[in-house]
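Trainee: here you go, sequence then predicted model.
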Amino acid sequence: MPLSPPALAHLQKARRHAEFFRGLSGTQYPDWKLVAGFYVAVHLVSAALVEDGIKVSTHSKRAKEIIKHPALRQCKNPYFNLKDISEHARYHPKGGAAPYPSAVACEQALQTHFRAVREFVCRHLAIDPADYC
């Protein structure tokens, strides 16, 4: 069964963020690669929600729906872990009370949390995860 236009719109945004993500490989900005990965995950999860009849427009509404949605509960912990470290990368300046996450921490978050969310949502929607990083 084909995906709905709203789900396809989220997947298009996820692919665009994935292109940016791939462009950051091997750069001096692992924190921004992590942030781009988080936004790929945001749009993948949003596509899954909207495909299941749940429209969300804010991070807080998306978070509530991830917790409530029976199918997405399985990717709840990886999603929130990725969200937390992504926020840490965006909002805590180097040298401040909480420095940026290290390149190793960023890569670990991508390899564990991002990958888990991507794989789960892509299975749920029956789409190819290779299109999303």
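Mentor: Cool, the structure landed.
Trainee: list the buried ones in the lowest-mean-pLDDT helix or strand in the chain?
Mentor: Here the helix or strand of the chain ranked lowest by mean pLDDT, DSSP states H and E is helix 103-109, holding a mean of 89. Across helix 103-109, burial judged by 16 or more other CB atoms under 10 Å covers 105-106, 109. C-betas here are computed from N, CA, C, even on glycine.
Trainee: can you pull the contacts of the residue nearest to the spatial centre of the chain?
Mentor: In the chain, the centroid-proximal residue (CA atoms, centre = their mean) is residue 41; its distance is 1.8 Å. Neighbour list for residue 41: 79, 82, 114, 117-118, 121 [criterion: CB atoms under 8 Å, 6 or more residues apart in numbering].
Trainee: out of the residues you listed, which is nearest to residue 50?
Mentor: Distance to residue 50, by CB to CB, is smallest for residue 121 among the contacts of residue 41, at 11.9 Å.
Trainee: right, and that closest one touches residue 46 too?
Mentor: No. Using CB atoms under 8 Å, residue 121 is not in contact with residue 46; the gap is 9.5 Å.
Trainee: pick out whichever of the two has more residues nearby.
Mentor: Counted by other CB atoms under 10 Å, residue 121 and residue 46 do not tie: residue 121 has more neighbours, with 28 against 24.
Trainee: may I have the residues that are in contact with that one?
Mentor: 41, 44-45, 47-48, 72, 75.
Trainee: in helices only, show me the residues you listed.
Mentor: 41, 44-45, 47-48 (DSSP state H).
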